[in-house]
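A.B. asks: Give me a model of this one.
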Amino acid sequence: MQGNRRRDGTSVKRRASHTFAGLVLFAATVIASTAQPQTAYSPPIPPGHYAPSSADRTAAPQPLPQVALRSDQIALLEHALDQADTQGLLRAEYSPAAADTMLRSTNPDTRRAGNDLLVASVLRYARAVHSGRLAPADFDPQWGLRPADFDPTADFVQAVGSDRLQPWLDNLPPPYSGYDALKGALAAYRAIAAKGGWIELADGPPLKLGANDPRVVALRQRLAIEDASIDLTPGPVFDQPLSDAVARAQKRYGQNPDGVLAHATLTALNVPVDERIAQIIANMERWRWLPAALPSDRIQVNIAAAVLTLFKNDTPLLSMKAVTGRPGDDTPMLESQISSVVLNPPWNVPADIAAKELWPKERANPGYFARNDFEVVPMGDSSRLVQKAGPKAALGHVKFDFANKYGVYLHDTPTHGTFAKYTRQDSHGCVRLEKPVVLAKTLFDGDPQWPPQTIDDTIAGGDTVRAPLQKPIAVFLLYWTAFVGADGAANFRADPYGWDALLMQRIAAAQHGSA
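C.D. replies: Coordinates of the predicted model:
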């Protein structure tokens with residue numbers, strides 16, 4: 001849930017069956033590109049033009065801006081492109097070796113062509129690092145959060161003319177501490193990979209406090225790669241410090257921090273470092289889809305971690321567990337605004353849920369609708385199913401509406417058992433909240449029309465009431481499977497919808513298609 005800005009100046013159903021193969025292959029390519037020499041590059045575009053980035057590569061080549069770069073500006077830009085891998089990009093895509101040779105030619109026409117090649121590469125890099133590498137058609141329908149249109153040309157020309165290229169380059173990446181933290185994590189995990197990564201831990205019975213097992217030594221070594229506080233000197237006894245270290249790792253993976261090495265924790269520890277690197281890169285890409293500035297007051301939901309955070313003045317004020325969509329009923333990524341809260345909401349059941357789940361229950365157990373407060377409402381030649389507000393209502397006592405094409409929202413639930421789980425993708429796509437009344441009272445804080453007691457009384461009264469917020473609040477549904485915690489440690493979550501793998505596969509395909 002990293003959202004703070006830097007202060008120097010963010011329905012198609014898909015099963016979680018995508019393999020990680022494309023993601024790992026891409027990560028391996030990124031790692032290899034940092035160590036291998038760049039091959040010669042010939043621009044596949046007419047002289048005086050530049051190819052659009054993958055974000056708009058279906059368009060015709062655009063005329064290049066007419067700028068003549070000084071030698072110091074050339075060196076600065078070449079250095080920036082050479083560091084593209086630090087931004088999670090492929091250095092070879094933006095740092096053609098041919099440009100350097102051409103720029104140092106004694107032939108003025110060759111130098112001019114080299115100048116154009118460098119400028120074209122810089123503009124492609126600018127688009128990629130600022131807005132990402134996908135064309136609009138490459139976005140999955142559930143990825144409703146899209147980057148704004150961005151053309152760096154005019155600002156680049158101005159930066160060249162005013163000799164402010166470095167500030168221009170510095171302002172291209174997303175201006176968020178969450179992105180900066182992932183950039184640091186990327187460097188750290190690449191360093192781990194360069195040293196050989198980690199060895200897969202052997203399977204076996206759970207390891208817990210007091211166990212004496214040869215696998216304990218390997219576990220200690222594995223944990224120490226990511227946790228520098230671990231003492232490697234003890235022998236094969238699973239002692240309290242090791243249990244504490246396992247608990248810290250479990251927190252980083254979003255698991256129950258019981259300090260016991262069982263199957264789920266073993267699986268997380270055995271994810272290869274290349275996959276962790278690719279996971280970081282995928283999340284850095286999604287940061288580029290956020291707006292140029294996040295509202296200081298906002299609600300953020302991390303779909304993958306199933307957590308809601310309320311920010312006030314850009315600072316986390318309230319956090320709670322959530323339940324997000326199960327794989328196949330994916331909660332979409334999106335941005336919207338909550339302008340009102342519905343107390344005691346009825347549930348207008350979506351037609352597909354009614355047909356697939358509720359009507360079969362009524363046919364199998366006649367009277368199911370009546371027992372659960374459902375009404376069949378005639379609609380001309382058809383009908384719709386509505387569940388009345390009340391103690392059995394699937395939406396509970398509170399619903400937070402916001403405009404979106406997916407028909408999802410935040411809401412209460414009468415079923416609270418799922419909140420005790422550490423994996424909480426279990427809804428039809430909407431976001432269920434652990435403490436919705438607390439959130440509602442916080443949003444209405446200071447509103448004389450809706451003090452806490454009035455909210456409680458209205459809920460107790462049972463009538464459906466839509467209460468408008470004095471000031472609408474932005475809501476972002478985001479998909480973070482890699483982020484850095486307040487303690488500086490990289491955190492990873494499962495990829496429940498396969499979106500990390502899908503994103504990296506589409507980036508790789510886009511780059512291959514534009515080669």
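
A.B. asks: in what helix or strand does the nearest residue to Ala467 once chain neighbours are set aside lie?
C.D. replies: For Ala467, ignoring the flanking residues on the chain, the nearest one in space by Cβ to Cβ, 6 or more residues apart in numbering is Val341 at 5.0 Å. Placement of C-beta: from N, CA and C, glycine included. Using DSSP states H and E, Val341 sits within strand 334-343.

A.B. asks: Which residues are in contact with the nearest residue to Asp495 once chain neighbours are set aside?
C.D. replies: Once flanking residues are discounted, Asp495 sits nearest to Thr481: 5.2 Å by Cβ to Cβ, 6+ apart. Applying Cβ atoms under 8 Å, 6 or more residues apart in numbering to Thr481 gives the contacts 279, 282-283, 304, 492-495, 499-500.

A.B. asks: Okay, helices next: where are they in the stretch 401-515 of the chain?
C.D. replies: 436-443, 452-461, 499-513 (DSSP state H, counting those that start in this stretch).

A.B. asks: of all these, which lies closest to Ala97?
C.D. replies: Across those, Ala97 has its closest neighbour in helix 499-513 (17.4 Å, Cβ to Cβ).

A.B. asks: tell me which residues of that closest one are tucked away?
C.D. replies: Neighbour counts over helix 499-513 (16 or more other Cβ atoms under 10 Å) mark 499-508, 510-511 as buried.

A.B. asks: What distance do you get for Trp143 to Ala191?
C.D. replies: Per Cβ to Cβ, to the nearest Å, Trp143 is found 31 Å from Ala191.

A.B. asks: Just the terminal-to-terminal distance for stretch 157-173.
C.D. replies: 18 Å (Cα to Cα, to the nearest Å).

A.B. asks: what about it, distance to the chain center?
C.D. replies: Put simply, stretch 157-173 sits 28 Å off its chain's centre (Cα atoms, centre = their mean, to the nearest Å).

A.B. asks: Now Ala354: closest residue in space that isn't a chain neighbour?
C.D. replies: Leu385 (4.4 Å).

A.B. asks: Any figure for the gap between that neighbour and Lys405?
C.D. replies: Distance from Leu385 to Lys405, by Cβ to Cβ: 22 Å.

A.B. asks: In terms of neighbours, single out the busier of these two.
C.D. replies: Shown here are Leu385 and Lys405; by other Cβ atoms under 10 Å, Leu385 has more neighbours (20 against 11).

A.B. asks: Next one, pLDDT for Ala370 please.
C.D. replies: Looking at Ala370, its pLDDT is 85.

A.B. asks: give me the element Ala159 is part of.
C.D. replies: Counting by DSSP H and E, Ala159 is part of helix 153-161.

A.B. asks: Outside of that helix itself, list whatever touches it.
C.D. replies: Residues from elsewhere that reach helix 153-161 (Cβ under 8 Å, 6+ apart): 62, 65, 67, 69, 73, 119, 122-123, 126, 164-165, 167-168.

A.B. asks: what is the rounded mean pLDDT of that helix?
C.D. replies: On average, helix 153-161 scores 96.

A.B. asks: quick one: it to chain centroid distance?
C.D. replies: Relative to its parent chain, helix 153-161 has a centroid offset of 31 Å by Cα atoms, centre = their mean.

A.B. asks: Turn the buried residues of helix 499-513 into JSON lines, columns for pLDDT.
C.D. replies: Listed next are the buried residues of helix 499-513 as JSON lines, based on pLDDT from 0 to 100:
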{"residue": "Trp499", "pLDDT": "98"}
{"residue": "Asp500", "pLDDT": "97"}
{"residue": "Ala501", "pLDDT": "96"}
{"residue": "Leu502", "pLDDT": "97"}
{"residue": "Leu503", "pLDDT": "97"}
{"residue": "Met504", "pLDDT": "96"}
{"residue": "Gln505", "pLDDT": "95"}
{"residue": "Arg506", "pLDDT": "95"}
{"residue": "Ile507", "pLDDT": "94"}
{"residue": "Ala508", "pLDDT": "92"}
{"residue": "Ala510", "pLDDT": "85"}
{"residue": "Gln511", "pLDDT": "77"}
